[in-house]
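> Model the structure of this input:
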Amino acid sequence: MNRRKYLQAMAALGASSAVTSAAAGSAIQLHVEMEVDPAREKELLANYRQTFRPAITKQPGFVDVKLLKFRSVASGGVKAPALYRLLISFQTEEQRLQWVATDLHQKVWPTLSKTLKNPDAVAAILYDVA
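Below is the predicted model:
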């Protein structure tokens, strides 16, 4: 996904919740579903650990980041999610959007997205932490 489209998608996703999250004083969490090219899985893990994680942890308002690998559906008739889920937490949605707009983000996000089967079709779901 090119920078302009990504910024538009992220802004649209969080535009209304930025005020809500900041006003409520609660953290936000973004869940990013990632369908990784199996041949590039090791590259994804290396880029996450060596490039993306160190960059995001230095951002104002950063709370946490995790990369989860799907194991199994434990119960219920839930459809299996993407193989990887990136969890990003910030104190506010405004701070997360500020991170997305930085040149550093534009440098490190492609290290992850280039390992995906379809980088233009990344699903991102935003939550307020209750």
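
> which residues of the chain score low on pLDDT?
1-25 (pLDDT under 70).

> Spatially central residue in it, please.
residue 32 (4.4 Å; Cα atoms, centre = their mean).

> State the distance from the closest residue to that one other than its chain neighbours to residue 121.
In space, and not counting its chain neighbours, residue 32 is closest to residue 86: 4.1 Å by Cβ to Cβ, 6 or more residues apart in numbering. In short, each C-beta sits where N, CA and C put it, glycine included. Residue 86 sits 15 Å away from residue 121, going by Cβ to Cβ, to the nearest Å.

> before we move on, what about residue 41?
18 Å.

> Same question for residue 33.
9 Å.

> neighbour-wise, which of those two wins?
Counted by other Cβ atoms under 10 Å, residue 33 and residue 121 do not tie: residue 33 has more neighbours, with 17 against 10.

> Show me the beta-bridge partners of the more buried one.
Residue 33 has these beta-bridge partners by DSSP bridges: residue 85, residue 123.

> residue contacts, it?
Going by Cβ atoms under 8 Å, 6 or more residues apart in numbering, residue 33 touches 81-82, 84-85, 122-125.
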